[in-house]
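[1] 3D, please:
(one chain, ligands or ions: 3)
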Amino acid sequence: MGSSDFSWKLKDHPKLAKGKTVAVVVLDGWGEANPNQYNCIHVADTPTMDSLKNGAPERWRLVKAHGTAVGLPSDDDMGNSEVGHNALGAGRIYAQGAKLVDTALETGKIYEGEGFEYIKQSFEDGTLHLIGLLSDGGVHSRFDQLQLLLKGASEHGAKRIRVHILTDGRDVVDGSSVGFVESLENDLAKLCEKDVDAKIASGGGRMYVTMDRYENDWDVVKRGWDAQVLGEAPHKFKSALEAVKKLRESPGANDQFLPPFVIVDDNGKAVGPILDGDAIVTFNFRADRMVMLAKALEYDKFDKFDRVRYPKIRYAGMLQYDGELKLPSHYLVSPPENIWCTTVSVLCMQAMKLLNLVTSHFSGMGTDPDVSTRIWKNILKSQVRVNLPNGDMVGHTGDVQATIVACKAADEAVKMIFDAIEQVGGIYVVTADHGNAEDMVKRNKKGEPLLDKDGNVQILTSHTLQPVPIAIGGPGLAPGARFRQDLFGAGLANVAATVMNLHGFEALSDYEPTLIEVADKQ
Ligand SMILES: O=C(O)[C@@H](CO)OP(=O)(O)O
Ligand SMILES: [Mn+2]
Ligand SMILES: [Mn+2]
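    Ligands and ions are numbered 1, 2, ... in the order given. Next up, the predicted model:
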């Protein structure tokens, strides 16, 4: 790739016709799992998706949506939207943020790069602030990476460190914040023994403090700013452990939505506001929920909320969160190789009209228009891609009944799209980016539901390790088109070549192989 003989012109597929409308429908958080009461997709009334599975076995199969199949460090890593859509759009498996950070920490390269050199200039006279998600979910951040970074930064000269925590409960079990804070406080105490002044300075739940996305609600970022930068919050505690324990006692409280708090000293003074001359690292590797904070930290001109005080700091992201905006301009870990020739860019070069109703992950972190319900009237375009978020968004609440309702609604939306495809003689590809709603309970190694100390099942708010379905169909699909039988280990990255074929083109040669073949006789 990239050589001078590379051509944007795709070869015609020998058997599949061009010019059909292809709808790529991504059901968010829709995995395949054993049927039981915690499988909301199974419990919900989902006639359309059921008919695909039961109606045409040669046009329905499962694909991997987690672990190494989507560029994550190990097969114990659940899938997520970023990595799932990346694989769907890129057609190849790239090492994703989690893996890039692991490698940079393992090799020590993280301390040799421009980003670390930059923040290091603050170590002599200033404080190093680390802001990020306190979790081992591996979706936005990982606790072991934070631990290594704390150790490494102190070994490389940081003398005063303040950690600003965001509690999770979305990628990990609700209530696990307490254990993470305990471990972190132990680690910081060990650093203090080595004469590093290291403390937790502030905190709050990820969905209420800092980690908003798509500029949905700047108040979320402001609440974080006030606590982290100004050292102001409605709740003040002497220790972070006391903070999370106490705040969790309020009725309805949970880790995802804990209110902002600051840690204060014996005189009631915040222990770690961000001041001129300090350095900041946002230690999440995933971009979408860090971009807004990065803007607030990096932009001189900023009108999204009143920052009150805008300290002169040296700021680096764990990665660069927005390649187009070059935001932030300093970062600790180099980005993945340029993800180019994505399905979007290549199909655009074939002069096709595309309507994107999915995420920027699909096009290798470029910017796509927002998701909306414009599907129906736009289905006359050559390709429509839509992400139906219901199962995932509601699945993250841990509310089983509500998730069942959400799955039914998603199935109805699929039916609507199918009806439109029927009218235009088009083709559909239905798949999912990762699992979630198909298993809402934490399980032991034998697969049995785990109980908490009160004997209740432990609800799972997170994504899963489950495979996801993919189905093809529609009146425009060539009669002999069917899934190949030889690609047992196929994953989401194989979908891209499949979609190109359905548009009547051969995929690029470095794409993961297509899932389909066209039988001559039926
Ligand atoms: O909400 C999010 O940020 C993640 C879970 O942490 O979910 P998704 O990957 O589906 O966006
Ligand atoms: Mn998703
Ligand atoms: Mn999700």
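
[2] tell me which residues in stretch 475-489 are buried?
    Using 16 or more other Cβ atoms under 10 Å as the test for burial, stretch 475-489 gives 476, 477, 478, 481, 482, 483, 487. C-betas here are computed from N, CA, C, even on glycine.

[3] what's the nearest residue to the residue of the stretch 201-350 of the chain found nearest ligand 2 if we skip its chain neighbours?
    Residue nearest to ligand 2 within the stretch 201-350 of the chain: residue 288 (10.8 Å; Cβ to the ion). Nearest non-adjacent residue to residue 288, counting by Cβ to Cβ, 6 or more residues apart in numbering: residue 213, 4.5 Å away.

[4] Am I right that the residue of the stretch 201-350 of the chain closest to ligand 2 is in contact with residue 212?
    No: contact criterion Cβ atoms under 8 Å: residue 288 and residue 212 do not qualify, at 9.6 Å.

[5] Can you name the residues that contact residue 474?
    Residues near residue 474 by Cβ atoms under 8 Å, 6 or more residues apart in numbering: 23, 418, 421, 422, 425, 426, 427, 428.

[6] pretty sure the last one is in a strand, no?
    Think residue 428. Yes: using DSSP: H, G, I helix; E, B strand; the rest coil, the assignment for residue 428 is a strand.

[7] returning to that earlier point: what is the nearest of the contacts of residue 474 to residue 161?
    Nearest to residue 161 among the contacts of residue 474 is residue 23, at 50.2 Å by Cβ to Cβ.

[8] From the chain's centre, how far out is stretch 150-160? Work that out for me.
    Its chain's average C-alpha position is 29 Å from that of stretch 150-160, according to Cα atoms, centre = their mean, to the nearest Å.

[9] Give me the distance between residue 270 and ligand 1.
    Residue 270 sits 28 Å away from ligand 1, going by Cβ to the nearest ligand atom, to the nearest Å.

[10] Residue numbering should commence at 39 henceforth.
    Fine by me, first position is 39 from now on; the one you just mentioned is residue 308.

[11] That residue and residue 301 touch, don't they?
    Yes: Residue 308 is within contact range of residue 301, at 7.2 Å (criterion: Cβ under 8 Å).

[12] so what sits against both of those two?
    Joint contacts of residue 308 and residue 301 (Cβ under 8 Å, 6+ apart) are 239, 240, 274.

[13] Just give me the closest of these to ligand 1.
    residue 240 (20.7 Å; Cβ to the nearest ligand atom).

[14] That closest one - that's part of a helix, no?
    No: judged by three-state DSSP, residue 240 forms no part of a helix; its state is strand.

[15] excluding its backbone neighbours, what's nearest it?
    residue 265 (4.0 Å).

[16] That neighbour - that's part of a strand, no?
    No: assessed with three-state DSSP, residue 265 is helix; it does not lie in a strand.

[17] what residues are up against it?
    Counted by Cβ under 8 Å, 6+ apart, residue 265 has contacts 202, 240, 241, 242, 247, 271, 298, 299, 300.

[18] most surrounded residue in those residues?
    Neighbour tally across the contacts of residue 265 (other Cβ atoms under 10 Å): the maximum, 34 neighbours, falls on residue 240.

[19] Isn't that one up against residue 205?
    No: here residue 240 lies out of contact with residue 205, judged by Cβ under 8 Å, at a distance of 11.5 Å.

[20] On the three-state scheme, the residue lying closest to residue 199 once chain neighbours are set aside is what?
    Nearest residue to residue 199 in three dimensions, chain neighbours excluded: residue 236, at 4.3 Å (Cβ to Cβ, 6+ apart). Assigned by three-state DSSP, the conformation of residue 236 is strand.

[21] Ok, residue 285 next?
    Secondary structure of residue 285, per three-state DSSP, is helix.

[22] how many other residues sit next to the closest residue to ligand 2 within the chain?
    Relative to ligand 2, the nearest point of the chain is residue 119 (3.1 Å; Cβ to the ion). By other Cβ under 10 Å, the residues close to residue 119 number 23.

[23] Look up phi and psi at it.
    When quoted as degrees, to the nearest 10, the phi and psi of residue 119 stand at phi -60, psi -40.

[24] Could you do the one 4 residues further on as well?
    Recorded main-chain torsions at residue 123 are phi -70, psi -30, according to degrees, to the nearest 10.

[25] Relative to residue 254, how far out is it?
    18 Å (Cβ to Cβ, to the nearest Å).

[26] Of the two, which one has the most company?
    Neighbour count, other Cβ under 10 Å: between residue 123 and residue 254, residue 123 has more, with 27 against 9.

[27] Distance check, the more buried one against ligand 1.
    Distance from residue 123 to ligand 1, by Cβ to the nearest ligand atom: 9 Å.

[28] pLDDT score for that residue?
    What the model reports as pLDDT for residue 123 is 95.

[29] follow-up on the earlier one: and residue 308 and residue 301? which has more neighbours close in?
    residue 301 (26 against 19).

[30] That one reaches residue 278, doesn't it?
    Yes: with contact defined as Cβ under 8 Å, residue 301 reaches residue 278; the gap is 5.9 Å.

[31] Now do the end-to-end distance for stretch 96-115.
    29 Å (Cα to Cα, to the nearest Å).

[32] what's the answer for stretch 98-108, then?
    With Cα to Cα, one end of stretch 98-108 sits 20 Å from the other.

[33] how about that stretch, does it get close to ligand 2?
    No: using Cβ under 5 Å from the ion, we find that stretch 98-108 stays clear of ligand 2, coming within 9.4 Å at best.

[34] avg pLDDT for that stretch?
    98.

[35] contacts for that stretch?
    Applying Cβ under 8 Å, 6+ apart, the set of residues contacting stretch 98-108 is 69-70, 90-91, 110, 112-117, 121-122, 124-125, 131, 134, 469-473, 501-509, 521, 527-533, 553.
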